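Student: Dropping the sequence and predicted coords here.
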Amino acid sequence: YVMADKSTAQVKITAGIITFHDAYNYGAVLQCVALLLFLRRCGIEASVIDYSMDAYVELRKKKPIKTFMRRLYNLLQDPISVLKTRLNEHRKQEYTRPYQNMLKIRNQSFDDFKREYLMFTEKRYHTFSELIDNPPFFDVYICGSDQIWNPRFLDFDANYFLQFAPIYKRIAYAPSFGVRRIPAIYNKELQRRIQQIPYLSIREKSGADIIKEICGVTVDVLVDPTFLVDAETWKNIASKSNVKLPEKYILTYFIGIDEYIQKALDEIERMFPNHT
């Protein structure tokens, strides 16, 4: 809190969070909810900057040659990983095709959950330029957890490095690169962006190693925001669910579909035949 004019009134600090809140992904939404809840319990009036994950489309239109060169470079540097990602996308489309109606229901549940637990800025920012040219006002700006610094996602969007905010107000709380190495084509850009974040942390040791190697900066490794919220809070949120689970079950959740994962699940199912 900040005391104003020696009066007893307390002025709360405001904070704007930018992260991947716009995804139909459990981890992305829950880490955003957790950071928001934690900040609010600390007495900070936190809100989520309603930034569309489709904003990168404008970047590609503005700089088509740069976009093409980056994608080509990523392919040449790590073709197996790029092709594996494409294959997973194809498999996912094929696998989910029969479940489109169920997916619509699931996505609606995501939207309802976000409306209940997330506080958004009044304005929704649909493009990169909208946020750069007319950002919302906050006392501090936080780029939250999740893989917001992954060079393969959303064209390495500078807004997720808080480039739209005044430098002295920038805080990075446990963001992730999602990869163990950054392609050299991004090195200079990463150096400049990291140097312009005065309050810096990262989510994994591999991310700290990347920053140390490329930027020469030692950075703290902090926990995912989901661990900032106590178990009782999560239980209270979960208790509102109308999903009825069997007494014995095994829950699995993976990004992508791989043969070795399916084989492992089949083996687990064989070992525990009485579980759902």
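Tutor: Structure's in. What do you need?

Student: list the buried ones in stretch 190-201?
Tutor: 190, 193, 194, 197, 200, 201 (16 or more other C-beta atoms under 10 Å). Every C-beta, even on glycine, is put in place using the N, C-alpha and C of the backbone.

Student: hmm, who's touching it?
Tutor: Stretch 190-201 has contacts (C-beta atoms under 8 Å, 6 or more residues apart in numbering) with 143, 158, 161-163, 167-168, 170-174, 182, 211, 214-215, 217, 219-222.

Student: Just say helix, strand or coil for residue 36.
Tutor: Three-state call for residue 36 (DSSP: H, G, I helix; E, B strand; the rest coil): helix.

Student: does it really touch residue 46, like I thought?
Tutor: Yes. Residue 36 is within contact range of residue 46, at 5.2 Å (criterion: C-beta atoms under 8 Å).

Student: Where do the helices of the protein begin and end?
Tutor: Ranges of helices in the chain, per DSSP state H, are 26-41, 56-62, 64-77, 79-96, 100-117, 128-133, 187-195, 205-215, 231-238, 259-271.

Student: Need the winner for burial among those helices.
Tutor: helix 26-41 (a mean of 20; mean count of other C-beta atoms under 10 Å).

Student: what's the span of stretch 55-70, first residue to last?
Tutor: Between the start and the finish of stretch 55-70 there is a gap of 17 Å, counting by C-alpha to C-alpha, to the nearest Å.

Student: pLDDT of that stretch, averaged?
Tutor: Stretch 55-70 comes out with an average pLDDT of 84.

Student: try stretch 145-165
Tutor: In this model, stretch 145-165 carries a mean pLDDT of 93.

Student: Convert it to CSV, retaining C-alpha atoms only.
Tutor: Only the C-alpha atoms of stretch 145-165 are listed here, as CSV (Å, rounded to 0.1, in the frame of the first residue of the first chain):
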residue,chain,number,x,y,z
SER,A,145,3.9,-17.4,-16.4
ASP,A,146,3.3,-19.9,-19.2
GLN,A,147,5.4,-20.1,-22.4
ILE,A,148,4.9,-16.5,-23.4
TRP,A,149,8.6,-16.3,-24.4
ASN,A,150,8.6,-19.4,-26.6
PRO,A,151,10.2,-18.3,-30.0
ARG,A,152,7.9,-20.7,-31.9
PHE,A,153,4.7,-19.1,-30.5
LEU,A,154,3.0,-16.0,-31.9
ASP,A,155,6.0,-14.7,-33.8
PHE,A,156,8.0,-13.9,-30.6
ASP,A,157,5.5,-11.0,-29.9
ALA,A,158,7.3,-8.1,-28.1
ASN,A,159,4.1,-7.3,-26.2
TYR,A,160,4.7,-10.4,-24.0
PHE,A,161,8.0,-8.8,-23.0
LEU,A,162,6.1,-5.7,-21.9
GLN,A,163,7.4,-3.5,-24.7
PHE,A,164,4.2,-1.4,-24.6
ALA,A,165,4.8,-0.4,-20.9
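
Student: Need the buried residues of stretch 190-201 in TSV (columns: pLDDT and distance to residue 21).
Tutor: Below are those laid out as TSV (pLDDT from 0 to 100; distance: C-beta to C-beta, whole Å):
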residue	pLDDT	distance to residue 21
190	96	23
193	97	21
194	97	23
197	98	20
200	97	21
201	98	19
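
Student: of those, closest to residue 269?
Tutor: In terms of C-beta to C-beta, no member of the buried residues of stretch 190-201 lies closer to residue 269 than residue 201, at 39.8 Å.

Student: bridging residues for that closest one?
Tutor: residue 220 (DSSP bridges).

Student: picking up where we left off before, could you dump the helices of the chain to CSV with distance to residue 11?
Tutor: CSV is the format used below for those (distance: least, C-beta to C-beta, whole Å):
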stretch, distance to residue 11
helix 26-41, 16
helix 56-62, 36
helix 64-77, 43
helix 79-96, 47
helix 100-117, 25
helix 128-133, 26
helix 187-195, 31
helix 205-215, 34
helix 231-238, 27
helix 259-271, 51
